[in-house]
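S.K.: With the input below, show me the fold.
(2 chains)
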There are 2 protein chains.
Amino acid sequence: MENRKGNLMSVRTDLKVLDATIRDGGLCNNFAFSDEFVRSLYEANIACGVDYMEFGYKASKKLFNVNEFGKWKFCDEDAIRSIVGENDSPMKIAVMADVGRCDFKTDFLPKEQSVIDMVRVACYIHQIPSALEMIEYLHELGYETTCNIMAISQATESQIESALEMLEQSHVDVIYLVDSYGSFYPENAANLARKYVEVGDRCGKKIGFHAHNNQTLAFANTIETMSYGVSFLDATANGMGRGAGNCAMELLLGFLKNPKYSLFALLTFIEKYMLPLKKEGVVWGFDIQYMITGQLNRHPREAIQFTNEGRTDYCEFYTDISDS
Amino acid sequence: MENRKGNLMSVRTDLKVLDATIRDGGLCNNFAFSDEFVRSLYEANIACGVDYMEFGYKASKKLFNVNEFGKWKFCDEDAIRSIVGENDSPMKIAVMADVGRCDFKTDFLPKEQSVIDMVRVACYIHQIPSALEMIEYLHELGYETTCNIMAISQATESQIESALEMLEQSHVDVIYLVDSYGSFYPENAANLARKYVEVGDRCGKKIGFHAHNNQTLAFANTIETMSYGVSFLDATANGMGRGAGNCAMELLLGFLKNPKYSLFALLTFIEKYMLPLKKEGVVWGFDIQYMITGQLNRHPREAIQFTNEGRTDYCEFYTDISDS
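M.R.: This next block holds a predicted model:
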């Protein structure tokens, strides 16, 4: 296809695969993963050739009660080190920090004192100036940074253009296209990806994609945007993530042709750790209610509530939220 | 995008949606659907604007024991009429007949005596001559016909070209691209779809697509091939179908922009009939073992057996079938 980079047989050496299981999956279980789970995932990711592993959020302890969440909502340096030591591996460590919900000026060490390699700054499009402040600060500390502009399916073309122009002038390393509501079809996702990649190519920044599976398109959208030059690809074990979940790592690793990626350790991890998590009652993944919010390009919060209430009256759900 | 027909906002009036729930879904429960189930699906499909409903197979009663299968494996005229009467609706009735597994010369009435509108002839690519014999015979009887060439992901380009040339010379109405193994990525599916559509445009035939969800790409591949001119789209309620299942009708109807299509009756049908079916233990849908056979471009039979045995040792499954 026109303007596609690489083809279905070849290796794209510019690709970076990022495992976001603990971070986005943590939204399903309040980050209550055992150390054994996180350590086994860390080891599986290394064995599979994953390039980055996101350990969770750096959330503000002033805004959030540490007793109400697992430690991966806060990602203290010691917590990460208790899993990875000095991280003597080729895999890099990432954490996410939300604009307005973290204390970035006090909670980040200078890079040379930290085992964290990359900070992903998540924001809504109207928060770009605040994101830029964080990005420049964290860049100064020595971290790789990304800007993950969420809910982009509700932004206008001109907002997106302005945001990209502002980021172009910054020190951010990666700009992420984020389909928070799982409302993109591959054609939308590809069109936006090409816009982002054009900016990225111009200013030497990489572009990433973070999918949600509301319409069972997380994997399709990921490989579609990749084919137009997106190079940072988010995925999670078993697709674990808020609501309908994310692009499943097993689908992505099975697709990629670079022999550095392997599926086996992940398959064993899924059997040993993800299936028990589901059995315990942690819920994520495609379901009709998430499809509906995706089709309507809405936040999944009502669908999550519908799920938690064990409801199956899909038709009433549809008419209710279409009304509001 | 280049050569795409229509866009994400517009209506494609050439589209026909075909519900294959009873036929492909019947492979999950030996066609043991209650009359109430089939009648409710028939009514829901009409309410939703579905264009064709496939009731099952016309299988040979000499080859298959009628006591071992539900009646929708055989689709006697009386069985269909007990549901649809004279089918006083805009929706057409389809059945499938497999090359070599039906008695087409004795089991089909002349069209004017039958409530069936369309016969879908399923074959492997080496069976095209036999398929053509059936197609011409059924066309003479007065039926619309399709040729569904299965397992096309294992055919070579030159085989596909020969098959399309042979079909071009026939009276077949619709040629179906069938991803039996769920191994296509949207880019493959689109490339093949364009080849089929080119032939169809040349000889005035329509092109259809039948997806499987082994890699969670059934819906993505369906809308991708559609965007390049495929106009007959197969889907099933809740994606019910052999192994990983098919493109979910609810995803497709929610995507299509033509106001003739509606989702509501299907949502109610799913709640009332599909969820109980799953609760009874009928199994279909995406799972790791189907992903693996899809990635390896193989028949799902080993994955179906793995599922039936309740196994979850994915890694062993992978190494076992990669060896064979």
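
S.K.: Without its sequence neighbours, what residue ends up closest to whichever residue of the stretch 151-300 of chain A sits closest to chain B?
M.R.: Of all residues in the stretch 151-300 of chain A, residue A:220 sits closest to chain B, at 3.3 Å by CB to the nearest CB. Backbone N, C-alpha and C define where each C-beta goes, glycine included. Take residue A:220 and drop its neighbours on the chain: the residue closest to it by CB to CB, 6 or more residues apart in numbering or on different chains is residue B:220, 3.3 Å away.

S.K.: packing partners for the helix or strand encompassing the one you found?
M.R.: If you go by DSSP states H and E, residue B:220 is part of helix B:218-227. Judged by 3 or more CB pairs under 8 Å, 6 or more residues apart in numbering or on different chains; DSSP states H and E, the packing partners of helix B:218-227 are helix A:186-203, helix A:218-227, helix B:186-203, strand B:206-210, strand B:232-235, helix B:249-255.

S.K.: touching chain A at all, the fourth one?
M.R.: No. Under the criterion of CB under 8 Å from any CB of the partner chain, strand B:206-210 makes no contact with chain A; the nearest approach is 14.5 Å.

S.K.: average model confidence for that strand?
M.R.: Per-residue pLDDT values across strand B:206-210 average out to 98.

S.K.: now the angle from that strand to helix B:218-227?
M.R.: Using axes from the mean of the first three to the mean of the last three CA atoms, to 10 degrees, the inter-axis angle of strand B:206-210 relative to helix B:218-227 is 170 degrees.

S.K.: got it, and the first one?
M.R.: With the same axes, to 10 degrees applied, the angle from helix A:186-203 to helix B:218-227 works out at 90 degrees.

S.K.: What residues sit buried inside helix A:186-203?
M.R.: By neighbour count on 16 or more other CB atoms under 10 Å in any protein chain shown, the buried set for helix A:186-203 is A:186, A:187, A:188, A:189, A:190, A:192, A:193, A:195, A:196, A:197, A:199, A:200.

S.K.: Mind picking the one among the residues you listed that's closest to residue A:226?
M.R.: residue A:193 (8.2 Å; CB to CB).

S.K.: If I look at that closest one, what pLDDT would I see?
M.R.: For residue A:193, the model assigns a pLDDT of 97.

S.K.: Tally up the residues packed near residue A:64, please.
M.R.: 15 (other CB atoms under 10 Å in any protein chain shown).

S.K.: you'd agree it is up against residue A:73?
M.R.: Yes. If you go by CB atoms under 8 Å, residue A:64 and residue A:73 touch, sitting 6.4 Å apart.

S.K.: Determine how far the helix or strand where residue A:27 lies lies from the middle of the whole chain.
M.R.: For residue A:27, the host element (DSSP H and E) is helix A:21-29. The chain centroid and the centroid of helix A:21-29 are separated by 10 Å, computed with CA atoms, centre = their mean, to the nearest Å.

S.K.: and that helix, what other elements does it pack with?
M.R.: Secondary-structure packing of helix A:21-29 (3+ CB pairs under 8 Å, 6+ apart): helix A:35-48, strand A:52-57.

S.K.: one more time with 6 Å, if that's ok
M.R.: strand A:52-57 (3 or more CB pairs under 6 Å, 6 or more residues apart in numbering or on different chains; DSSP states H and E).

S.K.: Identify the residues contacting the next helix or strand after the strand it packs on?
M.R.: From strand A:52-57 onward toward the C-terminus, using DSSP H and E, the following helix or strand is helix A:77-84. The contact list for helix A:77-84 (CB atoms under 6 Å, 6 or more residues apart in numbering or on different chains) reads A:38, A:39, A:42, A:55, A:71, A:114, A:115.

S.K.: Check which element follows helix A:77-84 along the chain.
M.R.: Using DSSP H and E, the first helix or strand after helix A:77-84 is strand A:92-98.

S.K.: hang on, the earlier thing: run through the residues that contact the residue nearest to residue A:220.
M.R.: Here residue B:220 is in contact with A:186, A:217, A:220, B:186 (criterion: CB under 6 Å, 6+ apart).

S.K.: Which two among these are spaced furthest apart?
M.R.: A:217 and B:186 (9.8 Å).

S.K.: Residue A:127 and residue A:149, how far apart?
M.R.: Look at residue A:127 and residue A:149: by CB to CB, to the nearest Å, they are 9 Å apart.

S.K.: And the two? Which one has more around it.
M.R.: Set side by side, residue A:127 and residue A:149 show more neighbours around residue A:149, with 26 against 19, by other CB under 10 Å.

S.K.: for the more buried one, what are its contacts?
M.R.: residue A:125.

S.K.: For it, give the beta-bridge partners.
M.R.: With DSSP bridges as the criterion, residue A:149 is bridged to residue A:123, residue A:177.

S.K.: What are the neighbouring residues in contact with residue A:311?
M.R.: By CB under 6 Å, 6+ apart, residue A:311 has no neighbours at all.

S.K.: re earlier: as a markdown table, the buried residues of helix A:186-203 with distance to chain B would be great.
M.R.: Output for the buried residues of helix A:186-203, formatted as a markdown table (distance: CB to the nearest CB, whole Å):
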| residue | distance to chain B |
| --- | --- |
| A:186 | 6 |
| A:187 | 6 |
| A:188 | 7 |
| A:189 | 10 |
| A:190 | 7 |
| A:192 | 12 |
| A:193 | 12 |
| A:195 | 14 |
| A:196 | 17 |
| A:197 | 15 |
| A:199 | 20 |
| A:200 | 20 |
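
S.K.: Format these as CSV; extra columns: distance to residue B:34.
M.R.: Converted to CSV, these look like this (distance: CB to CB, whole Å):
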residue, distance to residue B:34
A:186, 38
A:187, 40
A:188, 41
A:189, 41
A:190, 43
A:192, 46
A:193, 47
A:195, 51
A:196, 51
A:197, 52
A:199, 57
A:200, 56
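
S.K.: closest to residue A:33 among those residues?
M.R.: Distance to residue A:33, by CB to CB, is smallest for residue A:189 among those, at 29.6 Å.

S.K.: nearest residue to that closest one other than its sequence neighbours?
M.R.: residue A:221 (4.2 Å).

S.K.: Assess the claim that the one you found and residue A:210 are in contact.
M.R.: No. With contact defined as CB atoms under 6 Å, residue A:221 does not reach residue A:210; the gap is 9.8 Å.

S.K.: got any residues that touch both of those two?
M.R.: In contact with both residue A:221 and residue A:210: no residue, using CB under 6 Å, 6+ apart.

S.K.: could you flag which of the contacts of helix A:77-84 are buried?
M.R.: Buried, going by 16+ other CB under 10 Å: A:38, A:42, A:55, A:71, A:114, A:115, out of the contacts of helix A:77-84.

S.K.: for the residues you listed, which one is nearest residue A:176?
M.R.: Closest to residue A:176, out of all of these and judged by CB to CB, is residue A:55, at 17.3 Å.

S.K.: Wait, the closest one touches residue A:22, no?
M.R.: Yes. Counting by CB under 6 Å, residue A:22 is a contact partner of residue A:55 at 5.5 Å.

S.K.: Spit out the residues that contact these two alike.
M.R.: Shared contacts of residue A:55 and residue A:22, counting by CB under 6 Å, 6+ apart, come down to residue A:72.

S.K.: next one: the lowest-mean-pLDDT helix or strand in chain A to chain centre, how far?
M.R.: One helix or strand of chain A scores below all others by mean pLDDT, DSSP states H and E: helix A:314-323, with a mean of 92. Counting by CA atoms, centre = their mean, helix A:314-323 is centred 29 Å from the centre of its parent chain.
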